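# quick one, structure for this:
(2 chains)
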2 protein chains.
Amino acid sequence: MRVLGIDPGLTRCGLGVIDSLRSRRAEMVAVGVERTDSAASVDVRLGVLADALDAWLDECRPDVVSVERVFARHDVSTIMGTAQASGLAIGLAARRGIPVAMHTPSEVKASITGNGRADKKQVTAMVTRILHLDTPPKPADAADALALAICHLWRGAGTGTSTTGPADFSDRTARGRQGSGLTAAQQTWADALKGKHG
Amino acid sequence: MRVLGIDPGLTRCGLGVIDSLRSRRAEMVAVGVERTDSAASVDVRLGVLADALDAWLDECRPDVVSVERVFARHDVSTIMGTAQASGLAIGLAARRGIPVAMHTPSEVKASITGNGRADKKQVTAMVTRILHLDTPPKPADAADALALAICHLWRGAGTGTSTTGPADFSDRTARGRQGSGLTAAQQTWADALKGKHG
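Residues are numbered from 1 along each chain as shown, chains lettered A, B, ... in the order given. The predicted structure is shown next:
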């Protein structure tokens, strides 16, 4: 299974791709940060980000996308940009039939380091170790994106956004994009479209 | 000039298209509401909305998009979905080189009714009157989307998201999509891309 982790943001959007191996191991496929010019208007920044996200989805063809869950209690001055960037990332992935899971920062930290209140340095250190990297991924947003991807692989089903429950989410991601016929996610998608137009 | 007004939302996303005529008059081109199934997961809902928004942009080819500005002080339970839907709408429009303006609810109400605290009934009544419609647009989200479009036409430049100021925004929308060469918006876009990759 290939997981694309996305740490959404307008100034820096972290992206990290991993493939799952046997025995809870994983290898890094790609990592990067998409930046938009903070001097540009919000619309232009979101447009640039839309193109960048689609390029990552085209290139990496993930089976599942893992996005940081944004809370309204975050810093008010940055919350809107982060929420808008996350909406864009989620919508662009979902329209392709790729399931999207959301994980809170504390879920990610707990999953990677065993401590839900770990600092960025600890998370980066563990990501480097888990993926057997020679050098720590930088900046922190890139490490966070890889942590989101690893967290999804390890926590898996339980924290999906699917309202039909963990079992269904696990099922629909497990079959992946190589399966014959519709995955459960694609079926949900098809049903949603049918309901909308029918 | 053709304006697409968008009242972003996951459950109901209002869309209204108007063309400007002489003497501050306008005519309605299209109006509608895109709904997503509240029983579906957020990712599927945003994916359905992405396709719907692109269909409106393809069909209507607006010169400018006017979106309701979402505030973090709104109801916390709905703010995230609204912010995510707005990010998606703005990103999809901006990536096409279409300038996006944002207007607050009170700006819209003041512009349409003369009262920034007008109720929905008043806004709907004035939209019906301004656009010479036979029947009031329903539901309220549809009327709100038309109000956003009218507001942009009348208030114009002053409330754009452009950080280079009102004059620039006015300039870049006035030339529209029919102009020869790059509009200012497209230039900003090109510059942003250049800055990013260069």
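
# how about the nearest residue to A:Pro62 once chain neighbours are set aside, what does it touch?
Spatially, and ignoring its direct neighbours in sequence, A:Pro62 is nearest to A:Leu4 (3.7 Å; Cβ to Cβ, 6 or more residues apart in numbering or on different chains). The C-beta positions use only the backbone N, C-alpha and C, and glycine is treated the same way. Taking Cβ atoms under 8 Å, 6 or more residues apart in numbering or on different chains as the contact definition, A:Leu4 lies against A:Leu15, A:Gly16, A:Val17, A:Trp56, A:Leu57, A:Cys60, A:Pro62, A:Val64, A:Val65, A:Ser66, A:Ala93, A:Ala149.

# so where is chain A shaky, pLDDT-wise?
A:72-77, A:156-198 (pLDDT under 70).

# at 80 what do you get?
A:71-78, A:156-198 (pLDDT under 80).

# which parts of it are strands?
In chain A, the strands defined using DSSP state E lie at A:2-7, A:12-20, A:26-35, A:64-68, A:100-103.

# burial count for A:Ser106?
Applying other Cβ atoms under 10 Å in any protein chain shown, we find 12 other residues in the vicinity of A:Ser106.

# spatially central residue in chain A, please.
The residue lying closest to the centre of chain A (Cα atoms, centre = their mean) is A:Ser66, at 2.5 Å.

# that residue against A:His103, yeah?
Yes. A:Ser66 is in contact with A:His103 according to Cβ atoms under 8 Å; the separation is 6.1 Å.

# A:Ala142 contacts A:Val31, correct?
Yes. Between A:Ala142 and A:Val31 there is a contact under Cβ under 8 Å: 5.0 Å.

# which residues do those two both contact?
A:Leu15, A:Gly16.

# residue ranges of the helices in chain A, please?
A:42-60, A:76-94, A:105-113, A:120-130, A:140-155, A:166-174, A:184-197 (DSSP state H).

# any idea which of the ones you listed is most buried?
Greatest average neighbour count among the helices of chain A goes to helix A:140-155 (a mean of 26), per mean count of other Cβ atoms under 10 Å in any protein chain shown.

# and that one, what does it pack onto?
strand A:2-7, strand A:12-20, strand A:26-35, strand A:64-68, strand A:100-103, helix A:105-113, helix A:120-130 (3 or more Cβ pairs under 8 Å, 6 or more residues apart in numbering or on different chains; DSSP states H and E).

# and the angle for it with strand A:26-35?
Per axes from the mean of the first three to the mean of the last three Cα atoms, to 10 degrees, the angle that helix A:140-155 makes with strand A:26-35 is 140 degrees.

# A:Asp7 pairs with what?
For A:Asp7, the beta-bridge partners under DSSP bridges are A:Gly14.

# show me what contacts A:Thr128?
A:Thr135, A:Pro136, A:Pro137, A:Ala143.

# so the third one versus B:Leu49, what's the distance?
Put plainly, it is A:Pro137. Separation of A:Pro137 from B:Leu49 (Cβ to Cβ, to the nearest Å) stands at 32 Å.

# for A:Asp144, give me its contacts.
A:Gly5, A:Asp7, A:Gly14, A:Glu68, A:Val108, A:Lys120, A:Val123.

# A:Ile98 and A:Val67 touch, don't they?
No. Using Cβ under 8 Å, A:Ile98 makes no contact with A:Val67, being 11.2 Å away.

# can you count the residues close to the residue lying closest to A:Thr11 once chain neighbours are set aside?
Nearest non-adjacent residue to A:Thr11, counting by Cβ to Cβ, 6+ apart: A:Ser38, 5.6 Å away. A:Ser38 has 11 neighbours, counted by other Cβ under 10 Å.

# who's in contact with A:Ser38?
For A:Ser38, the contact set (Cβ under 8 Å, 6+ apart) comprises A:Leu10, A:Thr11, A:Arg45.

# relative to B:Ile98, how far out is it?
21 Å.

# A:Leu10 now?
To B:Ile98, A:Leu10 is 19 Å away according to Cβ to Cβ.
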